[in-house]
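> Would you be able to build a 3D model of this:
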Amino acid sequence: MKKKILLCRSHLYGIIPVLVMLAVSPCMRGAPPSNASASSGRSAKHAELTAKYGMTQQQLQKRDELVDKLNSALKAVQESSDLKAQERKSRIGSLMHDFEQAMSSVLSKEQYDKWMRDRKALKEQNAENAKGLTAKIDKIRKSDIPELQKKDQIAAVEADYVQESAMTNGGTKSAERKLELRHTRKLISIQNDRNLKTNFGETQQMQSLKAEKNRKIAELKARKLPVRPYKEEYNRIMAEYEASVHQLLGDPKFLQWGKNRNAALERSLKSRYGMTPEQITQYKELLNAKAIERYKITHSKLSTAERNAKRSELDAKYDALVKNMLTADQIRKIAADKTLRKQKKVAATQNTPNK
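So this is what the prediction gives:
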């Protein structure tokens, strides 16, 4: 699914994935995960190179050796948690330059000149696509629309980016991989800023664990279990998720990861709605008080209709308290997000097949 809710982007990482993808994307490296697809992908690449540049079998073999060497070096750079963004970009640039120089001894001058012209054109097109995506996302981020609408719009422009990139990078899978690299790099930057230094591999595994956790929770919600079984299953999913992250990161990093998670609400309220520290404190106090009252209603001996009525009264009561502590613009954004969230929930329910 192309449209995803994703983290914000920065200018800094617009070009790095472009350089990396020239070597490590399926269309350029010929090394997808499985043996069968690897063989098929490499054969297709060989056919393309033979058709475009007239490469011989000996040239293709030497080129494959250089690509494999390059990919190993790129992986080491990607997985290093000690490199800063500019250092990583510089090393990737050096590796790509060395690869191109090595190819000059594999190809004839005529072949090499044409190959380099094509590579330059591809780099420029990828850079232009990445620059355009960054500009569109920045414009959305700076707009005054509610946060959930921003995320939907960002997902839409990213889907467009994938389609544009697919036309110049050997298909949709390659373009999606390029976008995935961009997201991973941004997440590494965010985590470093929050004192959690993870390398490329760790960050990708954390993204996979989170996606799997979210998938399980979505499936759990679709089952519409009673409160107690739902909470038990939810807690089990979260415990498994946290245990997996702990195993991946080890004690020191896991402790910092926990601290960052605990501070997530404050960051969200500040970035989404511009709340001040005082407003955030008051808002959290209201949320906690509401949760306690809601728990009492849920576990009361009232009938279902009476519990629903009490919950509606509770929501109205705390909505009024929240409005008293926020500005009109903050209230507008929260209300818009709440409405959009409800619409998405209804749409998801309607699209869920009956079992």
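> quick one: contacts for residue 332?
Residue 332 is in contact with residue 146, counting by Cβ atoms under 8 Å, 6 or more residues apart in numbering. From N, CA and C alone the C-beta is placed, and that goes for glycine too.
> how does the chain divide into domains?
Domain assignment of the chain by automatic domain parsing yields the ranges 11-193, 197-262, 273-355.
> Please identify the most buried of those domains.
Sort the domains of the chain by mean neighbour count, taking mean count of other Cβ atoms under 10 Å, and domain 11-193 sits at the top with a mean of 17.
> follow-up on the earlier one: where among the domains of the chain is the average confidence lowest?
Per-segment mean pLDDT for the domains of the chain reaches its minimum on domain 11-193, at a mean of 80.
> what's the offset of that one from the middle of its chain?
In terms of Cα atoms, centre = their mean, to the nearest Å, the centre of domain 11-193 is found 17 Å from the chain centre.
> From the contact counts, what lies against the helix or strand where residue 174 lies?
Element membership for residue 174 (DSSP states H and E) is helix 172-193. Applying 3 or more Cβ pairs under 8 Å, 6 or more residues apart in numbering; DSSP states H and E, we find helix 172-193 packed against helix 16-24, helix 26-29, helix 147-166, helix 200-223.
> run the last query once more with 6 Å
Here helix 172-193 touches helix 16-24, helix 147-166, helix 200-223, going by 3 or more Cβ pairs under 6 Å, 6 or more residues apart in numbering; DSSP states H and E.
> Out of the ones you listed, which is closest to residue 127?
helix 16-24 (5.5 Å; Cβ to Cβ).
> how deep is residue 270 tucked in, by neighbour count?
The number of residues packed near residue 270 is 14, by other Cβ atoms under 10 Å.
> Look up how far residue 116 lies from it.
Look at residue 270 and residue 116: by Cβ to Cβ, to the nearest Å, they are 48 Å apart.
> Then residue 43?
Using Cβ to Cβ, one gets 24 Å for the distance from residue 43 to residue 116.
> now do residue 218
According to Cβ to Cβ, residue 218 and residue 116 sit 47 Å apart.
> cool, and residue 123?
Here the criterion is Cβ to Cβ. By it, residue 123 lies 10 Å from residue 116.
> And for residue 125?
On the measure of Cβ to Cβ, residue 125 and residue 116 end up 15 Å apart.
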